[in-house]
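**Student:** test case, fold it:
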Amino acid sequence: MVLKNKILPVVAALGLVVAIAVAVQSRQQARSAQPVAQPAQAPFKSYVGGAGIVEAKTQNISIGTSLPGIVKTVFVNVGDKVKAGAPLFRLDDRELHADLLVKQANLIKAQAAVTEAAASLQDYQAQYALVRHASDRRAVSVDDVQKRRYAELLARAKLKSAKAAVVAAEADLKATRTSLARLLVCSPIDGEVLQVNVRPGEFAQTGVLSTPLIRLGNLDRLHLRVDIDENDAWRFKPDTRAVGSLRGNRNLKTDLNFVRVEPYVTPKTSLTGSSTERVDTRVLQVIYSFDPHALPAFVGQQMDVFIETPEVPVHLTPDLPVASARGRQ
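**Tutor:** Numbering: from 1, shown residues only. Predicted structure coming up:
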């Protein structure tokens, strides 16, 4: 009993120490998470900022097919450089090749019919010539002369019809060859293969697809499509400096060259993921270009863009604070 009375106070004291330690530890402030990469900083005192999407010089071309069918052969891989007219993929052409043989046979048949009609016309012309200039009408009847004359006219009409059938057969054959050529999809530009989303044996559909069969682009010089908020569009000047920096490393940046403005303000479709970003924003799209060797940038990558603007006098923006008129700091 005496030993039990001594153990209980010790256990109680240990429990108190543990409770105090837990309470002290819980009161310590958690360390704030450090960002993986520091956000980009504007190099200008007054500027307009925007998010840009890297795209090819020719824009990103989504290759489709004008005829549906099973893919027979794919000639390119991602990263291949192709010339204009180079084959990209071919659809199954067995049915059209069989149809081509039929059309070729029909053309040969039509050409033979022309030869036959021409020979028949010569025969009727010769028979009609025997009686056409006969001076003695007692040697041949008027009815026989008329029959031979009409027979010649009919033979001449049959020859024209046979020649027209040859033209039709040639046009039919050409249409089949055109359809056969359309089964081979070729590159419309000199560029580089960015994506290949079709494989042999898959069915290639026509129309506008959410995922293109093949995506192409000319990467000799990269373009940057920058979205400028419509509220800042009036401050944009095309003849001022612009700098773009890569997401994830603000030290990787380069000067941008102005290309053009697309003067139609559109709803914003490229979202940055910010919790304060509005999805109903309308933007003015401005296209800049830069040397692909200046940055390790890839098509489809986002960049932070800062465009220098002239400082706006305060009296021109009575409803805005001065800091807003000088740029988003």
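
**Student:** which strand runs longest in the protein?
**Tutor:** Longest strand of the chain, by residue count under DSSP state E: strand 257-267.

**Student:** what mean pLDDT would you report for that strand?
**Tutor:** The predicted model assigns strand 257-267 a mean pLDDT of 92.

**Student:** buried residues in it, which are they?
**Tutor:** Applying a neighbour-count criterion of 16 or more other Cβ atoms under 10 Å, the buried positions in strand 257-267 are Phe258. In short, each C-beta sits where N, CA and C put it, glycine included.

**Student:** partner strands of that strand, parallel or antiparallel?
**Tutor:** strand 282-290 (antiparallel) (DSSP bridges).

**Student:** what sits up against the strand it pairs with?
**Tutor:** Outside of strand 282-290, the residues that reach it under the criterion Cβ atoms under 8 Å, 6 or more residues apart in numbering are 50, 52, 57, 221-230, 233, 236, 238, 242, 244, 254-263, 265-268, 297, 305, 307.

**Student:** how about the helices of the stretch 101-250 of the chain, start to end?
**Tutor:** All helices of the stretch 101-250 of the chain, identified by DSSP state H, counting those that start in this stretch, fall at 142-182.

**Student:** how about the strands in it?
**Tutor:** Counting by DSSP state E, counting those that start in this stretch, the stretch 101-250 of the chain forms strands over residues 184-186, 191-196, 203-204, 214-217, 222-229, 242-246, 249-255, given from the N-terminal end onward.

**Student:** any chance of those strands in CSV, with mean neighbour count too?
**Tutor:** As requested, the strands of the stretch 101-250 of the chain are arranged in CSV below (neighbours: other Cβ atoms under 10 Å):
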stretch, mean neighbour count
strand 184-186, 18
strand 191-196, 20
strand 203-204, 15
strand 214-217, 23
strand 222-229, 23
strand 242-246, 23
strand 249-255, 15
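
**Student:** closest to Pro9 out of these?
**Tutor:** Each of those was checked against Pro9 via Cβ to Cβ, and the shortest separation belongs to strand 249-255, namely 61.7 Å.

**Student:** how is this structure partitioned into domains?
**Tutor:** If the domains of the chain are taken from automatic domain parsing, they occupy 47-57+219-325, 62-91+184-204, 94-182, with pieces of a single domain joined by a plus sign.

**Student:** how about those domains in CSV, adding distance to Leu213?
**Tutor:** Listed next are these as CSV, based on distance: least, Cβ to Cβ, whole Å:
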stretch, distance to Leu213
domain 47-57+219-325, 17
domain 62-91+184-204, 4
domain 94-182, 14
